[in-house]
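# structure of the sequence below:
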Amino acid sequence: MPILTAKTLDFISRSPDQTRRLGMRLGSLLQPGDIVALSGDLGAGKTTLVQGIAQGWGSTDAVSSPTFVLVNVYRRPDSGLLHHMDAYRIQSALEAEDLDLDAMYTSGALIVEWAERISAALPKEILWVNMNWIADEQRNLVFHPIGKRNEALVAEFKRQAFGG
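Modelled structure (predicted):
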């Protein structure tokens, strides 16, 4: 993960509810073609964040980790799709490409847990979110945008979530 820059957002979440609320803000800003790459150890709160993202996206579908099915798709009333991939069990970038990543992010937004495992298969312009466990109720989230669209996305997210 790159060092912090002026475009990076570093935040400490103090509860799962706060992590979900952050996800809701982010999800409300996502557009088809956006890719959010989540990295962090087990228990870092990745699925909790995705629960909020899906809700903010406008989906009422139940969110669960797609560890064994690899990809869950959440729908919203206007037919928008949010693809939720878990790359933990994927062995290579080539295996990830076989899942037709291009189709996922061109037909909707794509959220990838354990994204570092398949980073070679992902586009260069992406929003990385590194999540770290600090304590039982605290998680550190570092949002690192790559590319103009993702820089604008994080700037608007920061403005809406924190007024800054």
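# report how many residues lie close to His84.
By other CB atoms under 10 Å, the residues close to His84 number 29. For the C-beta atoms, the positions are set from N, CA and C on the backbone; glycine is no exception.
# what sits against it?
Going by CB atoms under 8 Å, 6 or more residues apart in numbering, His84 touches 50, 54, 63, 66, 71-74, 111, 113.
# closest to Leu141 out of those?
Val50 (12.6 Å; CB to CB).
# these two touch, right, that closest one and Ala44?
No - the pair Val50 / Ala44 is not scored as a contact, 11.9 Å apart, by CB atoms under 8 Å.
# out of those two, which sits in the more crowded spot?
Comparing Val50 with Ala44 by neighbour count (other CB under 10 Å), the higher total belongs to Val50, at 30 against 22.
# just confirm that one is within a helix.
Yes - assessed with DSSP: H, G, I helix; E, B strand; the rest coil, Val50 lies in a helix.
# quick one: contacts for it?
23, 38, 63, 84, 111, 113.
# ok, the residue nearest the centre of the chain - contacts?
Centroid-nearest residue in the chain, with CA atoms, centre = their mean: Val36, separated by 3.6 Å. By CB under 8 Å, 6+ apart, Val36 lies in contact with 26, 30, 53, 109-112, 126-127, 129.
# how does it look with 10 Å?
23, 26-27, 30, 49-50, 53, 82, 84, 109-113, 115, 126-129, 143, 150, 153 (CB atoms under 10 Å, 6 or more residues apart in numbering).
# which of these are buried?
23, 26-27, 30, 49-50, 53, 82, 84, 109-113, 115, 126-129, 143, 150, 153 (16 or more other CB atoms under 10 Å).
# filter those residues down to the ones in helices?
In helices, defined here by DSSP state H, the members of the buried ones among the contacts of Val36 are 23, 26-27, 49-50, 53, 150, 153.
# most widely separated two among the residues you listed?
Val50 and Asn150, at 17.4 Å, using CB to CB across those.
# hey, where'd the strands end up in the chain?
Under the criterion DSSP state E, strands of the chain are mapped to 9-13, 35-39, 71-75, 81-86, 108-113, 126-135, 138-146.
# for the last one, buried residues please.
This means strand 138-146. 139-146.
# so where is this protein shaky, pLDDT-wise?
Within the chain, the stretches with pLDDT under 70 are 1-4, 164.
# next one: Leu101 from Thr60, what distance?
With distances taken as CB to CB, to the nearest Å, Leu101 is found 25 Å from Thr60.
# pick out whichever of those two has more residues nearby.
Leu101 (21 against 10).
# and the more buried one, what does it touch?
35, 71, 83, 85, 93, 110, 112, 118, 121-123.
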